[in-house]
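K.L.:
sequence below, structure please.
(chains A, B, C and D)
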Number of protein chains: 4
Amino acid sequence: MDKLLLHVGPTTIKEDILIAGLENNVGFTSKEFVDAFSYSLKGLRYVMGVSKNYQPFITPGGGTSAMESVTSLLKNGDKVLVVSNGVFGDRWEQIFKRYPVKVKVLRPSPGSYVTPEEVEEEVQKDNYKMVTLTHVETSTGVREPIKDIARRIRDKVELIVVDGVSSVGAEEVKAEEWGIDVYLTASQKALGAPAGLSLLVLSPKALEVLNSEESIAGYYLNLRNWLPVMRSTEEGKAMYFSTPPVHVIMQLAEAFRLIEKEGIENRIKRHSIVASAIRTGIEALGLEIVAKRPESYSNTVTGVVLKVVEPSKVLSETINEGVEFAPGVHPAFKYFRIGHMGWVTPNDAIVAISVIERTLKRLGEPIRFGEGVKAVQEYLSSAR
Amino acid sequence: MDKLLLHVGPTTIKEDILIAGLENNVGFTSKEFVDAFSYSLKGLRYVMGVSKNYQPFITPGGGTSAMESVTSLLKNGDKVLVVSNGVFGDRWEQIFKRYPVKVKVLRPSPGSYVTPEEVEEEVQKDNYKMVTLTHVETSTGVREPIKDIARRIRDKVELIVVDGVSSVGAEEVKAEEWGIDVYLTASQKALGAPAGLSLLVLSPKALEVLNSEESIAGYYLNLRNWLPVMRSTEEGKAMYFSTPPVHVIMQLAEAFRLIEKEGIENRIKRHSIVASAIRTGIEALGLEIVAKRPESYSNTVTGVVLKVVEPSKVLSETINEGVEFAPGVHPAFKYFRIGHMGWVTPNDAIVAISVIERTLKRLGEPIRFGEGVKAVQEYLSSAR
Amino acid sequence: MDKLLLHVGPTTIKEDILIAGLENNVGFTSKEFVDAFSYSLKGLRYVMGVSKNYQPFITPGGGTSAMESVTSLLKNGDKVLVVSNGVFGDRWEQIFKRYPVKVKVLRPSPGSYVTPEEVEEEVQKDNYKMVTLTHVETSTGVREPIKDIARRIRDKVELIVVDGVSSVGAEEVKAEEWGIDVYLTASQKALGAPAGLSLLVLSPKALEVLNSEESIAGYYLNLRNWLPVMRSTEEGKAMYFSTPPVHVIMQLAEAFRLIEKEGIENRIKRHSIVASAIRTGIEALGLEIVAKRPESYSNTVTGVVLKVVEPSKVLSETINEGVEFAPGVHPAFKYFRIGHMGWVTPNDAIVAISVIERTLKRLGEPIRFGEGVKAVQEYLSSAR
Amino acid sequence: MDKLLLHVGPTTIKEDILIAGLENNVGFTSKEFVDAFSYSLKGLRYVMGVSKNYQPFITPGGGTSAMESVTSLLKNGDKVLVVSNGVFGDRWEQIFKRYPVKVKVLRPSPGSYVTPEEVEEEVQKDNYKMVTLTHVETSTGVREPIKDIARRIRDKVELIVVDGVSSVGAEEVKAEEWGIDVYLTASQKALGAPAGLSLLVLSPKALEVLNSEESIAGYYLNLRNWLPVMRSTEEGKAMYFSTPPVHVIMQLAEAFRLIEKEGIENRIKRHSIVASAIRTGIEALGLEIVAKRPESYSNTVTGVVLKVVEPSKVLSETINEGVEFAPGVHPAFKYFRIGHMGWVTPNDAIVAISVIERTLKRLGEPIRFGEGVKAVQEYLSSAR
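P.N.:
As a prediction, this is how the structure comes out:
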């Protein structure tokens, strides 16, 4: 079989999803497209766990543009608290620094996460308009307990924003029940579609802010400009603000179709089993995982710490063995990442550990050869 | 054969281009992708008519985001002159209004264009940092004489920016020879690839401004953040700022491959022949074209003015006849648009006029039935 | 748009049909395949106009293997009457000469057809076990009046066999009502799927012969060997005789899905309109058609006779103009063929005539330039 | 990742091969097709290990039609020796029984094979025109030592025919060096293309027989009718006998391109490693393999004998685990088959054994759980 892409996004995509973009005569006012777009908006509500009270947005871009578009909800001088567990948490700060807002950042020790208590304490100290959280930090695979934090701070800040780029479609997300105002993600992660789209849902309160106040946002990333397009499209009527990535949206619609067919609970469970299988294998080999605290293990990304061998060497060798992993990006660790999201299966976990085990042995990393695959096999046999 | 999409973008796409996006295991650090991205950057120079002195950018988004990203070259208080012949010229003003710059807009009467003399006169009145021009105004199909304007104002302003969204790949573009600092386009227009990408080239002077000065731009649309990615990728080394639309770039690379195979001169000539054939047919039917002055006819968009029938009625009826046209968007005219760009052929011109002729007759628009197709046939017979 | 293939099969295929063959993990016992095969057997009954009394067969091969497989119904010494209007009628004789049967052939003058009266007269002269007819002779485009012949000879011969290779899916076919015992076709013709499959339906009487008598047929083309596979598959259970072209059958199933969506009556009407449009255009140019008698014009193939220019020259030149026609194969005429079947549209008729008109003018064939396209346009305007 | 098809053909196909059949306007006289056909004929010589002295044939059908087409080389009354190790060896007898030739069959005990000595002994007893051998018996996975047999009987019979359906592309084949007159295969097996094609090469002697003598063959399977097509096509000129499966041949050409890129020696080695890995795993689990004698293990098919559990139960359960195996077809064993051919990789071996191990444990088959995957992992680590 072809190479297995266990990157952090895009990852291996189901062929049916790519095929959905093959129609060579679909324009942005064509019925096929408007239907696919409308369907995708509804599908986005489904994976976010929200009712029609929430407004979905699907716009050109990716995770970063989705993050920056929350400036649509900010005014000159607003205070924002950024809770950052790594590279992508820090990105919030880099974005806000380009705008006239005041930013405070909370950070944990590397591999750990900012606790709900720490967040609660901080929001009580100052008058924050917005708190941003990162559900799963892609650089480390560390998961933040969103639900618990939201419960604690819900009444103490105006807007809670969650970066769900590496979580939506693979972790439990109940944006409405938890009281999140903006939950955002990108198409190429756990939704398993091609890259090219930002996806967000806004709570009624966020929508009110969007409608009522003049923001600091620019033009293209300003959700206010896209709002009429989303509303009109959902009702089946094409509307123009700026040309959307027509074919990627056709593909996203197919991804949502397959997600609904699988059922979001089954999908989350599948991700959980594969993630556990992979961590079980890595630990059986005697290797360390970047995420330090088990309750923060994620369903989507596992960082593997190496003692001896250079991670880049592992990456190039494993490609030759038919699996492509992702490099590490956090400066505090010598590691590589296994992305296990989208359409990943238990068989992929077996292949991943088998290839890592054989490659690390060959390259001279001290591991317990044979124990990795054995442990995965035992886990899968019992987990079913 | 399937429906013919003669919209203003996306338009009918060659199947080989869509197929280039079918690989289901390509990530943003995969060799196939880095090669395709690198190749596309070189291809962009080719269609823009620039040497290695110019820096190409391919970023997620579309025409509007490409436009907004020129804020990367502006500082607080800069003066910008916008030369607008319609909806997309006006868009420059809407964008700049979100930023702390001073904007002046020049406008012609509807269907006409701001003349080189008018632009020259205006730049002499004030101290403009930047002038923005629209090569072909997509809303009307009116073409601006870029070369002539550039010659007149080249030494009088710091930065000349051209929106080539509806021209690059179908009209003569010599960005370097003409002395243009920023020439921009989008993937889904005359390059004939799927939507989802902004494409720009920057002159050495623009690049110097980008590197030296802190701009008013935000984060995601800030070209300064993307510059290292473009440079590294062109040299064959993956680099991350924010995940690009991997599969759309794979497709764009195939489009560039086909464009180079055809040759840009042949490609422009083909567009010119098809555009002339379509206008010949429309005029032979006794209908008026939105663009009022023949020297401003474009190779890519023809607006067709109707006297009696509602344009929306024409659009829905012609879809049933197998051709999808674009609605008009300029409030000054009752019209629809024929997009003839990308992979359009003389046979498509015949089909377009044949379908328009039969549909308008049936709907009761006063036309000279039979004269349209006849005129196209005679033109094509002589034009070859 | 891409090249238009107006050949006699394969002809231009709808992209959705080809796409249906993209699944890379479907085997001959896979559920997806068994479902597609079962669906296709039912679809074959639909286009043949037969009830469940008739047994459908879909086997590897094409028109010729479908023809040869009727040897499954013949015994040593049987007498067969072949009614041949051209190359493919004569093929019956070539096939039967390889077997121990007695063959008599009836032929008309070139461009004409054997009349029902002539067939009736002949069957009364001798004791024929089987009569073979060719519904539309692909080499000339001449149509035989099957219904009338069947009415006259139905009670005078045991088995009536019709080669519907160039008719099924585009001409009226009522195999059961007309009392035909074997109606056969191939996948790449008017059904508009890729080549690779023989398709036949057998009447209860033919099935009885197949079951009861030891035939002269070989092994692979012996329908008796395939019968259990067809029956088991239709009931949803995989069964093996010899590996079928799995992916082509997946594609055929999609073709049948689209045929049912269009409706067979609408499909025949569409073919009739396109065929009339093309003939109208050819005649308006002052050119002759191979089929001499209007009642024998077919919906699928038009032979165009040339006076001056070499047909091969026309074929190579029109490919450069974006349309591929078929060469002539009947030695009695200097001609080329237009295949207009499968997914052909009125717009294709316009393109065909437009390209022929311009090409013949350039090559020096004496035609009435401009009259062809004009006549098609007028016909289409009134035919709608 | 999608389901893994480890069937005996079609098996999992590389997406690029299926994609090669997507062009919707390729006819049997189109240049793209003629080029692909010509290229495939040359590729067939490559995998068969023959020079231009041998004539390749690619015709519609599959393995069985390829077998039956050797009747093109037989006359009334000829004697044929069939060496059969199972179901597909016996098929030769079933075919020849439909023709006026005399057939003698040699058979071994189930799971074993007819030895070279036994074949040599038999050909010395009678005057055989033709001997048929089965390189790898698909029903059991037993491999016959073709080279040795050919060496012994080469001078004692006129024509040696080898069924290489489950060997060509995965086992060493040197048809010319070994002196084989007809080596045949099908597209969907170890060549890794879709089903729908018979492939054969004929030695100069076989070609002489084909040309000089009137055979007992019918019409469609008569290689004499296809010979001019093969010769003309190889020289780049379209020629018609009966419409070939155009799109399948486009796909086959892509398969040959990938085979040449890999190199046939590397390809055979890859198959050998995967086959050894799978057998190692099966044996470590404590299960028996159908092929009784290690020197007859094949690179392509492994039959797995079960003691307790019903094979059909294993097949349906493993599909749910993402792998589809093939049922057994030889009545002497209670077994299922693993097809490991085409594009199979060591990772597929790991997945296959992992899934079999877990499934058999769950179903209650007595196995040494954990030992299978462990043994595969150790084998792969040392085999590299």
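K.L.:
going forward, measure contacts between C-alpha atoms and count neighbours the same way
P.N.:
Noted.
K.L.:
low-confidence bits of the stretch 201-350 of chain A, can you list those?
P.N.:
For the stretch 201-350 of chain A, no stretch has pLDDT under 70.
K.L.:
which bits of it sit near chain B?
P.N.:
When proximity is defined by Cα under 8 Å from any Cα of the partner chain, the stretch 201-350 of chain A lies next to chain B at A:216-220, A:242-247.
K.L.:
could I get those residues as a markdown table with neighbour count, distance to chain D and secondary structure?
P.N.:
A markdown table is the format used below for those (neighbours: other Cα atoms under 10 Å in any protein chain shown; distance: Cα to the nearest Cα, whole Å; DSSP: H, G, I helix; E, B strand; the rest coil):
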| residue | neighbour count | distance to chain D | secondary structure |
| --- | --- | --- | --- |
| A:216 | 21 | 43 | coil |
| A:217 | 23 | 40 | coil |
| A:218 | 23 | 40 | coil |
| A:219 | 22 | 39 | coil |
| A:220 | 25 | 36 | coil |
| A:242 | 18 | 32 | coil |
| A:243 | 22 | 28 | coil |
| A:244 | 26 | 26 | coil |
| A:245 | 27 | 23 | coil |
| A:246 | 27 | 21 | helix |
| A:247 | 28 | 18 | helix |
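K.L.:
for the residues you listed, work out which two are farthest apart.
P.N.:
Taking Cα to Cα, the two most distant members of these are A:216 and A:247; they sit 31.1 Å apart.
K.L.:
before we move on, back to that, show me which of the residues of the stretch 201-350 of chain A next to chain B is closest to residue D:237.
P.N.:
The nearest member of these to residue D:237, counting by Cα to Cα, is residue A:247 at 38.7 Å.
K.L.:
quick check, that closest one in contact with residue B:188.
P.N.:
No. With contacts counted by Cα atoms under 8 Å, residue A:247 stays clear of residue B:188, the gap being 10.5 Å.
K.L.:
overlap in contacts, those two.
P.N.:
Common neighbours of residue A:247 and residue B:188 are listed as B:194-195 (criterion: Cα atoms under 8 Å, 6 or more residues apart in numbering or on different chains).
K.L.:
where does chain A come near chain C, residue by residue?
P.N.:
So far as Cα under 8 Å from any Cα goes, chain A lies against chain C at A:15, A:19, A:23.
K.L.:
check which helix or strand the last one maps to.
P.N.:
According to DSSP states H and E, residue A:23 maps onto no helix or strand at all.
K.L.:
that one and residue D:16, how far apart?
P.N.:
When Cα to Cα, to the nearest Å is the yardstick, residue A:23 and residue D:16 sit 18 Å from each other.
K.L.:
residues in contact with the longest helix along chain A?
P.N.:
Taking residue count as the measure and DSSP state H as the definition, the longest helix of chain A comes out as helix A:264-284. Contacts to helix A:264-284, defined as Cα under 8 Å, 6+ apart, come from residues A:47, A:169-172, A:259, A:288-289, A:298-302, A:304, A:340-341, A:344-346, A:349-350, A:352-353, A:368, A:371-376, A:379-380, A:383.
K.L.:
of those residues, which belong to helices?
P.N.:
The helices in this structure, assigned by DSSP H, contain A:47, A:259, A:346, A:349-350, A:352-353, A:371-376, A:379-380, A:383 from those.
K.L.:
most surrounded residue in those residues?
P.N.:
Of the ones in helices among the contacts of helix A:264-284, residue A:373 is surrounded by the most neighbours, 32 neighbours in total, counting by other Cα atoms under 10 Å in any protein chain shown.
K.L.:
can you tell me how far it is from residue B:197?
P.N.:
Applying Cα to Cα, the value for residue A:373 to residue B:197 is 42 Å.
K.L.:
residue A:284: neighbour count?
P.N.:
Neighbour tally, residue A:284, other Cα under 10 Å: 20.
K.L.:
distance check, it against chain C.
P.N.:
Spatial separation of residue A:284 from chain C under the definition Cα to the nearest Cα, to the nearest Å is 33 Å.
K.L.:
ok, residue A:121 next?
P.N.:
Residue A:121 sits 54 Å away from chain C, going by Cα to the nearest Cα.
K.L.:
ok, that residue - how many residues close by?
P.N.:
Residue A:121 sits with 13 neighbouring residues when counted by other Cα under 10 Å.
K.L.:
part of a helix, is it?
P.N.:
Yes. Counting by DSSP: H, G, I helix; E, B strand; the rest coil, residue A:121 falls inside a helix.
K.L.:
returning to that earlier point: pull out the buried positions in the longest helix of chain A.
P.N.:
A:264-265, A:267-268, A:270-284 (16 or more other Cα atoms under 10 Å in any protein chain shown).
K.L.:
and the angle for that helix with helix A:371-383?
P.N.:
Interaxial angle of helix A:264-284 relative to helix A:371-383 (axes from the mean of the first three to the mean of the last three Cα atoms, to 10 degrees): 150 degrees.
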